[in-house]
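Undergrad: predicted coordinates and the sequence they were generated for:
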Amino acid sequence: MTLKLDNIFENFKNNLIFDDKHVLQSNYNPSVVEHRDEQIEQVASILAPVLRGDHVSNLFIYGKTGTGKTLSIQFVSNELLKRIKEEGGGFKLRIEYINCKLKNVSDTDYRILAELIKKLGGEVPATGLPTSQVANIFMDMLEKEKQILIIVLDEIDHAVEKISDDFLYKLLRLNTELVNSKISIIGISNDLGFLDKLNPRTRSSLSQEEIVFPPYNATQLKDILEKRAERAFKRNILGEGVIAKCAAYIARENGDARRAIDLLRVAGELAEREGIKQIIVRHLDEAKDKIERDKHIDFIKLQPKQFQAVLYAIIDLCDKKKNEPIFTGDIYNEYQELCYKVKLDVLTQRRIGDILSEFEMAGILNVHVVSKGRMGRMREIKLSLPKEIIIKAKEILKESLFY
DNA sequence: CGAGATTCATGTGAAGTATACCTTTAGGCTTAA
DNA sequence: AAGCCTAAAGGTATACTTCACATGAATCTCGTA
C-alpha cells in the first residue's frame, strides 16, 4: 500500500504541467477580478453603507453563469470585512452565500432558513418544526448580536417554484422586525424573466437596486485565462494558440469564464495523464467532451432512485424506438415494467409528469406539449444529451438500479 | 362543404395522505432527604 | 418531594397520491349549399 502511495506521490511531485493547479479550480478566489470593474464599483457603492453600520438596499443581480457575479460579490465582501475588522464599529458583518438550486439542501423556505441558521452556528432538525418557528429561531440568532447580515441567494430563479413569494417578501422585509441587527438580500438570477414571476411588491423590494453582469467577450476571456495560466502552469507548457482557441470557443458559446477555466484545467490534466510536456489544441477538444460528460454523469448519479428509473425508462425507450418521437404514456408504461423488474414502488403518472418537468428544468430532456387531436394531448419528449453520454448514462443507471 | 360539437390522453392545479421527524406533556419510576 | 425517563399526543415538511377540471387539434355531426 505504501509503495503504491509512494508511486502516486512521486508522480505527482514530478508533474510536468502544473505549477499551482489550485488557481484553476472552481473554489479559487483571485485577488483581482478582471474586467468587472464597473460592476464591482456598483456593488461596492450599494454595499458601502454597511461601513457606517447602516442598512443596505436589497440588490438584484442578473447575469449568466460564469460572468463573475459570485466572484465580484466575494471580492467586495472581503474588502468590506477587512475594513470593518480594521475600523471596528461595534457591530459584526456577515455575508452568507446560499445556492438555492441545491436539491434537498437549500431549495425550500424551510431549508434555506435551516442553512442560514447553520451558517450562524445553530442547528435545526431536517423536518418536524413549523417553518414559522424556524424563522423565529433564525431571528433570535440574528438578534443575539449587533450585526448586519447580507444574504446572497444564488440562482433564486431555480427555487422560485418551491419558495413561496410570501417567504421571499417576509425575508426582504424582515428588517422592520429586527432591532439589534439588520439584514439585506442579494438575489442572483440567470433568468431576467425571473422578476416578472414575482408579485409586484416582492419584486420592488428585491430589486431596489439592479446590476447586470454581461458575458465576457473573447478578448476578456483571453486575458483572464492568460493571467490564471501564468500562475497555474509551468513555463512553456501551453501550446501555440491554446488560450486563444479556448477563449474564442467559450465566447462563442456563452462567455462562461468558469467553463473556460475548467476547460483549460482539464486539458492540462489530460496532457499530464498522457505524460506530454505540452498542452495542445487537441487537448482542449478532448477536455470539452470530458467536462460535458462528467457534468451529466454526476448529475445522473446524484438523482434519487425514482428519478433514475424514469430516466432509464426514457433511454431504453429511445433505443427501442430509434428516431420515432416518444410520449408520456410510453414512458410511463416502460417505467412501470422497469419497476416490476427492479422491485421499485410504482409512482403515479401524475408524479412522473412532474419528474419529467424537473428533468426538463435540469436540461436533460427536451419536452414540449403537442396535441394529437383525437389521439389526445401529450408531451413529446426527447433526450437532449449527446449519444455517448447516453450510452454511459445507461450503464450507470443499470448498475444503480439493478444491483 | 364547413361550422361547431365531440373526443381522447394527458396536462395541471388543489387538496389529501403517508412517512419521518419534532416538541410537549403527563405519568411512572427512582432517588434522596 | 424532586428529578429523570418514557410514551403518547399533537404538530410539521416533504414526497407522493387522488380528484377534478383544463387543453387543443383531429375527427365527427349535421345543417346547408
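TA: Received, thanks.
Undergrad: okay, now the domains of chain A?
TA: Listed domain ranges for chain A are A:2-19+A:216-298, A:37-212, A:303-402 (source: automatic domain parsing).
Undergrad: got CSV for the ones you listed, with distance to DNA strand C and mean pLDDT too?
TA: In this view, the C-beta of every residue, glycine as well, is placed from N, C-alpha and C. Rendered in CSV, the data for the domains of chain A read as follows (distance: least, Cβ to the nearest atom of the strand, whole Å; pLDDT from 0 to 100):
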stretch, distance to DNA strand C, mean pLDDT
domain A:2-19+A:216-298, 19, 84
domain A:37-212, 3, 86
domain A:303-402, 1, 92
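Undergrad: could I get the ones you listed as JSON lines with mean neighbour count?
TA: Shown next, in JSON lines, are the domains of chain A (neighbours: other Cβ atoms under 10 Å):
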{"stretch": "domain A:2-19+A:216-298", "mean neighbour count": "17"}
{"stretch": "domain A:37-212", "mean neighbour count": "17"}
{"stretch": "domain A:303-402", "mean neighbour count": "15"}
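Undergrad: can you lay out those as JSON lines showing distance to A:Y28?
TA: Shown next, in JSON lines, are those (distance: least, Cβ to Cβ, whole Å):
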{"stretch": "domain A:2-19+A:216-298", "distance to A:Y28": "8"}
{"stretch": "domain A:37-212", "distance to A:Y28": "10"}
{"stretch": "domain A:303-402", "distance to A:Y28": "26"}
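Undergrad: so for A:N29, which of these sits nearest?
TA: Distance to A:N29, taken as Cβ to Cβ, is lowest for domain A:37-212 among those, at 6.2 Å.
Undergrad: around DNA strand B, pick out the residues from chain A.
TA: Applying Cβ under 7 Å from any atom of the strand, one finds that chain A approaches DNA strand B through A:125-129, A:327-329, A:332, A:349-350, A:353, A:356-357, A:369, A:373-379.
Undergrad: sitting in helices, which of the residues you listed do you find?
TA: A:328-329, A:332, A:349-350, A:353, A:356-357 (DSSP state H).
Undergrad: from these, which two are the most distant?
TA: It's A:G329 and A:S357 that sit farthest apart of those, by Cβ to Cβ, at 16.0 Å.
Undergrad: distance to A:N175 added to the ones in helices among the residues of chain A next to DNA strand B, as a markdown table?
TA: Output for these, formatted as a markdown table (distance: Cβ to Cβ, whole Å):
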| residue | distance to A:N175 |
| --- | --- |
| A:T328 | 46 |
| A:G329 | 51 |
| A:Y332 | 48 |
| A:Q349 | 45 |
| A:R350 | 41 |
| A:G353 | 40 |
| A:L356 | 40 |
| A:S357 | 35 |
